[in-house]
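Enquirer: Sequence and predicted structure below; questions after.
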Amino acid sequence: MHNHPLISKARDDFPILKREINGCPLAYLDNAATTQKPKSVIDAIVSFYENHNCNVSRGVYTLAEEATEIYEAGREAAANFIGADDSGSIIFTRGTTESINLVASAWGRKNFKAGDRIILTEMEHHSNIVPWQLIAQTSSIELVYWPISPEGRLDLSELEELLTDSVKLLAFTAVSNVLGSINPVGEITKIAHSRGVPVLVDAAQAVSRMPIDVAGWNCDFLAFSGHKVYGPTGIGVLYAKKERLEGMAPFQGGGGMIRQVERQSSTWAEAPQKFEAGTPPVAEVAGLKAALEYIEQYGIQEIQRHEQELTVHSLKILSEFPDLEIYGPKDIHNRTGVVSFNLNNIHAHDVAQVLDERGIAVRAGHHCTQVLHERLGVPATVRMSFGLYNDTSEIDSLFKALDRAREIFLY
Ligand SMILES: Cc1ncc(COP(=O)(O)O)c(C=O)c1O
């Protein structure tokens, strides 16, 4: 099997991949949980603290100006990376979860009323379910689930039926973190908009796996996390259309988000600062910018092609074993980068533990998608998820190690 030469070279960029686990080379196949960090990202964070550390927007001295420049350059980089026309549409958060909570609280509080509905899909991560449940419980709103097909796809004609007059938002993931399904964001958004329904896209998994195009997709909100795109933890992005931001209440109160504070009340700064209360994560933004530049060096399309090759390779091997159950779309054009399975009669956690003995890191469990697992009729799955540094030999080692699991637990 061919491994893209540039991408194979990428392994050297990641210090952690030189580690051994239990005497074996690390095969890191849990990229849907978090990606590893290239040296350039680590260096950008260290360089910020060694050379530029300062709070932003609060000083007129050189360091303060440098820190502010670094922070705002990160906003520009994030906007460019997702195809946003205006960096004023980029709000920095702690991650996808906080971005979605921000919309649920700051936009939801102003726009939902009792009797309204929110459409979610059955493949959502808990962070695109629970924030809506919290607001639904206080505002008497109903959550409606767009069902998935048995192989984990969404049927667009069913959406038309779900879009009744009481629907005020459609929130869905661009790529499933369990099934790997790619949802047609542009088409879905068009259908929702034709009924006047705004759309929030959870791009946590998509952002490292395919080009993101908020302007082309025309989505109203989009969320992603830095740590899933080879950047640091503690930094996330919320993209919001300018007109949506205008109709939003503040999310949190504090320094940086005000225009004027009086004893009993305050007025607010313009967006995006209005939604960034307190000292922002400047070093993390420096790291995120380095991560986006790192991806651009290889090209997101190349990374997508490489991950699809790895997905095809895994699905082919999986289909050769009758004791392996595979989840997600059969057609490779509808999925990317994530492959979940079960080995008959062996619990997913036991499988993952045996793999760890060989230095292979995979995730086992419900992957924060209990609604989806209930739909699949299993409590847990084993998930391998790829990054640009993985190669087919790691996948082959995983399948070889499954024999060991069979030996221990079945024979
Ligand atoms: C599809 C999806 N949405 C949201 C999240 C939450 O991301 P974070 O924990 O970085 O906020 C994840 C994380 O696994 C995810 O896979």
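Expert: Structure's in. What do you need?
Enquirer: and the residue nearest to residue 241 when sequence neighbours are not counted, how far is that from the ligand?
Expert: Sequence neighbours aside, residue 220 is the residue nearest to residue 241 in space, at 5.2 Å (criterion: CB to CB, 6 or more residues apart in numbering). (Each C-beta comes from the backbone N, C-alpha and C, glycine too.) Look at residue 220 and the ligand: by CB to the nearest ligand atom, to the nearest Å, they are 17 Å apart.
Enquirer: Run through the residues that contact the residue positioned nearest the centre of the chain.
Expert: The geometric centre of the chain, computed from its C-alpha atoms, lies nearest to residue 204 (CA atoms, centre = their mean), at 0.9 Å. By CB atoms under 8 Å, 6 or more residues apart in numbering, the contact set of residue 204 is 96, 125, 127, 173, 177, 223, 224, 225, 228.
Enquirer: Now tell me what touches stretch 100-111 from outside.
Expert: Under CB under 8 Å, 6+ apart, the answer for stretch 100-111 is 91, 93, 127-128, 131-132, 134-135, 139, 168-169, 171, 200, 202, 221, 223, 238, 240, 244, 247-251, 275.
Enquirer: Need the buried ones from those residues selected in PyMOL.
Expert: Buried residues among these (16 or more other CB atoms under 10 Å), as a PyMOL selection:
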select buried, resi 91+93+127+128+131+132+135+168+169+171+200+202+221+223+238+240+244+248+250+251+275
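Enquirer: So which of the contacts of stretch 100-111 belong to strands?
Expert: 91, 93, 168, 169, 171, 200, 202, 221, 223, 238, 240 (DSSP state E).
Enquirer: Kindly state the domain boundaries assigned to the chain.
Expert: For the chain, the structural domains run 5-30+299-409, 42-296, going by automatic domain parsing.
Enquirer: For the shortest one, what does the pLDDT average out to?
Expert: When you say that, I think you mean domain 5-30+299-409. Per-residue pLDDT over domain 5-30+299-409 has a mean of 95.
Enquirer: Excluding sequence neighbours, find me the nearest residue to residue 342.
Expert: residue 325 (4.6 Å).
Enquirer: scratch that, residue 244 is what I was asking about
Expert: Using CB to CB, 6+ apart, the closest residue to residue 244 is residue 220 (5.2 Å).
Enquirer: wait, that neighbour sits on residue 242?
Expert: No: proximity of residue 220 to residue 242 does not meet the contact threshold set by CB atoms under 8 Å, at 10.5 Å.
Enquirer: of these two, who's got more company?
Expert: residue 220 (23 against 12; other CB atoms under 10 Å).
Enquirer: quick one, what contacts that one?
Expert: 198, 199, 200, 240, 241, 244.
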